[in-house]
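In: Prediction below, plus the sequence it came from.
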Amino acid sequence: DTGVSQDPRHKITKRGQNVTFRCDPISEHNRLYWYRQTLGQGPEFLTYFQNEAQLEKSRLLSDRFSAERPKGSFSTLEIQRTEQGDSAMYLCASRQSSGNTIYFGEGSWLTVV
Amino acid sequence: KQEVTQIPAALSVPEGENLVLNCSFTDSAIYNLQWFRQDPGKGLTSLLLIQSSQREQTSGRLNASLDKSSGRSTLYIAASQPGDSATYLCAVSPRDNYGQNFVFGPGTRLSVLP
């Protein structure tokens, strides 16, 4: 059990550029979640997958955001045409569908300048 | 829409003190409630989970209670230590999605002074 891994940990990008974050969940976990957190706030739900199927998306996930989980393993979160308001920490989490404990990665910090 | 609030926003206590963190939620139709710890710039670590049918859970020096009807939960930390310094977040899972995601509060930032 190596934990949930996220890459990159930090990303600085210019407004209008595209960015992609990767999450590797704990290997036997079939549920994978993406959250966004801004300073001083709790995380906000973005989307979740069960295996490769994206089962729920928040209204926060605008058309510029897309998430995939090919083959039900790692996941990517892409943000197109970044805006300064996208600056936040993007957290990935995973768990077994039969379990209650959810495990978070250390997050990917995005700064849009 | 479910909303979660936490009081106080920040707390500073001397080492050894017992303390209580508070969480309130607006919709009592929850699947479960969890308390998390977050160290600066890091991810979240689950501390305690209380199912909607339960009243409390304990782990070591931590005790969490749940009063669903009043929309409240408390996290009690006994004999606080400097290593307990972190932000503590409360999160509820709405019943209508069977606990598939969480609504988080803003957290309480705790500092335990040696």
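Out: Structure received. Numbers count the residues shown, from 1 in each chain, chains lettered A, B, ... in the order given.
In: Let me see the contact set for whatever residue of chain B ends up closest to chain A.
Out: The nearest approach of chain B to chain A comes at B:Phe104, 3.0 Å away (Cβ to the nearest Cβ). Heads up, the C-betas are built off the backbone N, CA and C, glycines and all. Taking Cβ atoms under 8 Å, 6 or more residues apart in numbering or on different chains as the contact definition, B:Phe104 lies against A:42-44, B:4, B:36, B:89-91.
In: So which of the residues you listed belong to helices?
Out: If you go by DSSP state H, the contacts of B:Phe104 have nothing in helices.
In: Now distance to B:Ser111 too, for those residues, in JSON lines please.
Out: Below are the contacts of B:Phe104 laid out as JSON lines (distance: Cβ to Cβ, whole Å):
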{"residue": "A:Gly42", "distance to B:Ser111": "19"}
{"residue": "A:Pro43", "distance to B:Ser111": "22"}
{"residue": "A:Glu44", "distance to B:Ser111": "25"}
{"residue": "B:Val4", "distance to B:Ser111": "22"}
{"residue": "B:Phe36", "distance to B:Ser111": "18"}
{"residue": "B:Leu89", "distance to B:Ser111": "16"}
{"residue": "B:Cys90", "distance to B:Ser111": "18"}
{"residue": "B:Ala91", "distance to B:Ser111": "22"}
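In: Name the nearest residue to residue 91, ignoring sequence neighbours.
Out: You didn't pick a chain, so chain A it is. Spatial nearest neighbour of A:Leu91, chain neighbours left out: A:Tyr35 (4.4 Å); criterion: Cβ to Cβ, 6 or more residues apart in numbering or on different chains.
In: Chain B was what I was after
Out: According to Cβ to Cβ, 6+ apart, the nearest residue to B:Ala91 is B:Phe102 (3.9 Å).
In: so A:Ile26, which of the three states?
Out: Three-state assignment for A:Ile26 (DSSP: H, G, I helix; E, B strand; the rest coil): coil.
In: how far away is it from A:Thr82?
Out: With distances taken as Cβ to Cβ, to the nearest Å, A:Ile26 is found 29 Å from A:Thr82.
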